[in-house]
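[1] Next input, structure requested:
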Amino acid sequence: MALQPAAGARDLNPREVERNRRICGDLAAVYRRWGYQVVAPPGFERLDTLAAGGGIDSRELVRLAADEPLGLRPELTASIARAASTRLGSRPRPLRLWAEGPTFRSSVADTGLQRIHEQLQSGVELLGEPTAAADAELTRLLLAAAGSLGLRPEHRPRLLVGHHGVLKALLQQIPGPQQSGARAALTSFDPIALGQLNLNGSDRQRLMALMRLRGHATQVLYQLEQWLGPVPLLKDLGHTLAVLTPAAERLGVAVQLDPTFQPHFDLYDGLVLKLVCQGREAPVAIAGGGRYDALVGRFCGDAQIAAGVGFAFDVEAVRELLSSDSAAAVAAAEVAPDLVAYAEDTLLAAALEMLEGLHSRGTRAELLPGPVTSRTGAEAIAAERGSPRVHWLAP
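    Alright, predicted model coming up:
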C-alpha cells in the first residue's frame with residue numbers, strides 16, 4: 001500500500017485548511033460588497049469547453065476515463081462563461097459572479113510520468129460588458145480584494161498590466177510570417193530568439209526596445225503612442241490605468257505597464273493582469289486575469305453581450321506568502337478550543353451537556369473522549385494540546 005500522496009498532491013493540516021478558509025472568506029466578503037453573486041461551476045467539463053478554444057494546451061488537461069471526452073477543470077473561467085451564456089443567459093447584463101474551488105493541471109515530470117497539480121482558486125467574472133468601464137471595475141475590485149488579505153510593505157505588491165490588443169497591433173507592423181516567432185520571443189523575454197528572426201534592422205531594433213519597455217504607465221504609454229499613434233486602444237488603456245492608480249497608491253501597490261506581458265493561459269484578448277508579491281526567496285504570483293471576449297463568444301450567440309473580464313487568486317500562494325510570520329505569532333493567533341474533561345464513565349452524558357452549553361454561548365470547546373483520574377491530569381492534557389481552559393466534572 002502506498003503511504004505517500006500521489007505526485008503533485010498534498011495533505012493539508014488543520015491549520016492550513018483553516019487559513020485557506022479564512023482567506024476565501026475575506027475575499028468573498030469583498031466580492032459580495034461589490035454586488036457579485038456566488039456560483040458553483042462543476043469540477044469536470046467536456047474537454048472542448050476546458051480547452052477554451054485552444055487557449056489552454058491540451059497537454060495540461062487532466063482527462064477522465066468516461067464514455068465521453070471529459071476532464072477536470074484547469075481554471076474556473078471557461079465553466080462560468082459557459083453557464084453564464086446558457087443556464088444564466090436570460091439574466092440581465094452585466095452579470096457579476098464569483099466562485100471558489102479546486103482546479104487541476106497536468107504536466108510531465110522529469111521521469112516522464114504524468115504529474116497532476118491541484119490549486120485552490122477564488123475569483124470573479126464580470127460578463128456582458130465590453131467597455132473599458134468593466135476593465136476599470138475589475139482592476140479596482142482586484143485591488144480591494146488584495147487589500148483584505150493583510151499584505152505588508154515587505155511583500156512589495158506589484159500589479160503587472162498588459163494588453164493583448166496592444167501587443168497584437170505592434171506585431172502587425174512586422175511581416176506576417178515573423179509575427180508568431182516574435183510574439184513567442186517577446187512574451188518569454190528571449191532576445192536571442194528575437195535576434196534570429198528574419199527582420200530588417202528597424203523592425204528588429206523596435207522589437208528589442210519593446211522587449212525592454214516596462215515601468216510607469218505614463219512613460220510606457222507615451223512610447224507606445226509614438227509607435228502606434230493615438231489609437232482608441234491606448235486611450236482606453238490609459239483611462240483604466242488612471243482609474244486604478246489612486247487605489248493602488250493607497251494600498252502601496254506598484255503598477256507596472258508591460259506591453260509584452262501575457263499570462264500562462266492564452267485565454268485573453270484584451271487587458272491582462274498579474275499581482276506579484278515578494279516572497280521569502282522569490283517573487284510569488286498571487287492573482288491574475290484579464291479580458292476574454294472571444295471565449296464568451298464561443299458560448300454566446302449575441303455579439304453585443306459576448307464579453308467577459310475576470311481574475312482569480314491562488315489561495316494557497318496567498319497562504320504561503322502570509323505564513324512567513326514567526327511560528328510563535330501564528331500559534332498565538334490560533335488558540336485551541338477549551339477542553340471538557342470528566343472523572344468517571346458515568347459522567348459522559350453530563351460532560352456532553354456541558355460541552356453543548358459552552359457551544360451555545362459561543363465558546364469553542366472539545367470533549368476529552370475518555371475519563372481522567374484527576375483534574376491535574378486533565379490540565380496536563382490541556383497544556384499539551386494548547387487548550388486555554390479545562391472544564392472539569394467530578395462526582
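[2] in stretch 105-114, what's buried?
    Neighbour counts over stretch 105-114 (16 or more other CB atoms under 10 Å) mark 105-106 as buried. Where C-beta positions appear, they are placed from N, C-alpha and C, glycine not excepted.
[3] Any idea which helix or strand in this protein has the lowest mean pLDDT?
    Among the helices and strands of the chain, helix 327-333 carries the lowest confidence by mean pLDDT, DSSP states H and E, at a mean of 47.
[4] Quick check: next helix or strand after that one?
    strand 338-342 (DSSP states H and E).
[5] Packing partners of that following strand?
    helix 348-360, strand 365-367, helix 375-385, strand 390-393 (3 or more CB pairs under 8 Å, 6 or more residues apart in numbering; DSSP states H and E).
[6] which stretches of the stretch 51-200 of the chain form strands?
    For the stretch 51-200 of the chain, the strands defined by DSSP state E, counting those that start in this stretch occupy 62-64, 70-72, 95-108, 114-127, 158-163.
[7] low-scoring pLDDT stretches of the stretch 51-200 of the chain, where are they?
    Along the stretch 51-200 of the chain, no part satisfies pLDDT under 70.
[8] pretty sure Leu151 contacts Leu275?
    No. Taking contacts as CB atoms under 8 Å, Leu151 lies outside contact range of Leu275: 9.5 Å.
[9] Mind listing the shared neighbours of the two?
    Pro157 (CB atoms under 8 Å, 6 or more residues apart in numbering).
[10] Neighbour count: these two, which is higher?
    Leu275 (24 against 20; other CB atoms under 10 Å).
[11] doesn't Gly162 make contact with Gln256?
    No. Look at Gln256 against Gly162 with CB under 8 Å: they stay out of range, at 9.5 Å.
[12] In contact with Tyr268, which residues?
    So Tyr268 contacts 55, 164, 262, 290-292 (CB under 8 Å, 6+ apart).
[13] Which residue comes closest to it once chain neighbours are left out?
    Leaving aside its sequence neighbours, Tyr268 sits nearest to Gly290 (CB to CB, 6 or more residues apart in numbering; 3.9 Å).
[14] Just grab the bridge partners of that neighbour for me.
    Beta-bridge partners for Gly290, by DSSP bridges, are Val272, Gly310.
[15] pLDDT score for it?
    Model confidence at Gly290, given as pLDDT, is 97.
[16] How many residues are close by it?
    The burial count for Gly290: 26, using other CB under 10 Å.
[17] Verify the contact between it and Phe265 for me.
    No. If you go by CB under 8 Å, Gly290 and Phe265 don't touch, sitting 9.5 Å apart.
[18] what's the span of stretch 298-318 from first residue to last?
    One end of stretch 298-318 sits 32 Å from the other (CA to CA, to the nearest Å).
[19] should've said stretch 89-103
    So stretch 89-103: terminal residues 24 Å apart, CA to CA.
[20] Please apply the same query to stretch 262-270.
    Per CA to CA, the first residue of stretch 262-270 is 10 Å away from its last.
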